[in-house]
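A.B. asks: coords below, sequence missing:
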């Protein structure tokens, strides 16, 4: 039975060890994290939970026979702080989660709840009836129902052989 080994740069030819593919994947993952972190460094604003990249709501999107249903998780957001727009088959959800109490005292070791504005834009796969869109907000969940627009029926075209 052959043993697959990888020779690492800088090691002597006889100094080999068993190849561990998951360790290699973890190394690649760590390198990618460092690369992207260098492109978008975290600012003090981000760490404090304010600013444009502080929080983005999670979405569930699924297609039904007659349309699309989108559920957005908006905990701590009030209905009046959310707006929806539909333009050229792009649905945009905008809003703001506000910090209702501002504490000026010292003593915070870590603050993980984030506040600020958010925006999500979704390109829909096909046209929807803009005038029939329905949105409901209940218990921190925004449910948007987008009925599909009537489209021309597909027809089969006969190909003549000459």
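C.D. replies: Alright, I've got the coordinates. These numbers come from a predicted model, not from an experiment. Residues are numbered from 1 along each chain as shown.
A.B. asks: average model confidence for the strand or helix carrying residue 22?
C.D. replies: Using DSSP states H and E, residue 22 sits in helix 21-39. Summarised as a single mean, pLDDT over helix 21-39 is 82.
A.B. asks: Now it: buried residues?
C.D. replies: Within helix 21-39, no residue is scored as buried using 16 or more other C-beta atoms under 10 Å. All C-beta atoms are positioned from the backbone trio N, CA, C, and that covers glycine.
A.B. asks: now do stretch 56-75
C.D. replies: Neighbour-count burial for stretch 56-75, counted by 16+ other C-beta under 10 Å, picks out 57, 67-68, 70-72, 74.
A.B. asks: Okay, now the unreliable bits of this structure?
C.D. replies: Judged by pLDDT under 70, the chain has its weakly predicted residues at 1-18, 38-54, 100-105, 108-112, 151-157.
A.B. asks: show me where it has helices.
C.D. replies: Assigned by DSSP state H, the helices in the chain fall at 21-39, 44-48.
A.B. asks: Ok, which of those comes nearest residue 150?
C.D. replies: For residue 150, the closest of the helices of the chain is helix 21-39, at 43.0 Å, according to C-beta to C-beta.
A.B. asks: Mind listing residues that contact the closest one?
C.D. replies: Residues from elsewhere that reach helix 21-39 (C-beta atoms under 8 Å, 6 or more residues apart in numbering): none.
A.B. asks: Give me the neighbour count for residue 81.
C.D. replies: By the measure other C-beta atoms under 10 Å, the count of residues near residue 81 is 14.
A.B. asks: so it touches residue 94, yeah?
C.D. replies: No - contact criterion C-beta atoms under 8 Å: residue 81 and residue 94 do not qualify, at 9.3 Å.
A.B. asks: Next, the distance between the ends of stretch 131-147.
C.D. replies: 9 Å (C-alpha to C-alpha, to the nearest Å).
A.B. asks: Flag every buried residue along that stretch.
C.D. replies: Quick answer for stretch 131-147 (16+ other C-beta under 10 Å): 133, 137, 142, 144-147.
A.B. asks: thinking again about what came up before, now the helices of the chain as TSV including distance to residue 122?
C.D. replies: Output for these, formatted as TSV (distance: least, C-beta to C-beta, whole Å):
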stretch	distance to residue 122
helix 21-39	23
helix 44-48	24
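A.B. asks: All set now, cheers.
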